[in-house]
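A.B. asks: Here is the input, now give the coordinates:
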Amino acid sequence: MTIEPETPAEAGVDREDPDRAHLEGAHVLADEASRRLEVRGFTPNEVLEWAEQYLSHEGTGDVEAFLDWIDEQEHRRP
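C.D. replies: You can find the predicted model right below:
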C-alpha cells in the first residue's frame, strides 16, 4: 500500500457532503487512523477529509477498509 499525503479532491474523489451521522463517525474513524496516516505525511485535516468522504461514499467500515479505500482512490487515476 502506497498512500500519498493529499486531499480526496487531489486524488479525484467526487465530493459528497456527509450527513450528521457520518460526520460523527468520520471524527471517530479519523482519530483511529490518524497515527497511521500522519506518519505518512497526512495532516489532521486531510485525515478528517478522507474519513468524511469515505463514510459518505461507503457508509461504514473499519480502519483497514478505510486505508484500503484511500489507496484505491489514489491509484484509480487514468
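
A.B. asks: The residue nearest to Pro8 when sequence neighbours are not counted and Asp71: what is the separation?
C.D. replies: Sequence neighbours aside, Gln53 is the residue nearest to Pro8 in space, at 4.4 Å (criterion: C-beta to C-beta, 6 or more residues apart in numbering). (Glycine included, C-beta is placed from N, CA and C.) For Gln53, the distance to Asp71 equals 14 Å [C-beta to C-beta, to the nearest Å].

A.B. asks: Can you name the helix or strand that the most centrally placed residue in the chain falls in?
C.D. replies: The centroid of the chain falls nearest to Trp50 when counting by C-alpha atoms, centre = their mean (2.4 Å). Taking DSSP states H and E as the definition, Trp50 sits inside helix 44-58.

A.B. asks: which outside residues touch that helix?
C.D. replies: With C-beta atoms under 8 Å, 6 or more residues apart in numbering as the test, helix 44-58 has contacts from 5-8, 13, 15-19, 22-23, 25-27, 29-30, 33-34, 37-38, 42, 61, 65-66, 69-70.
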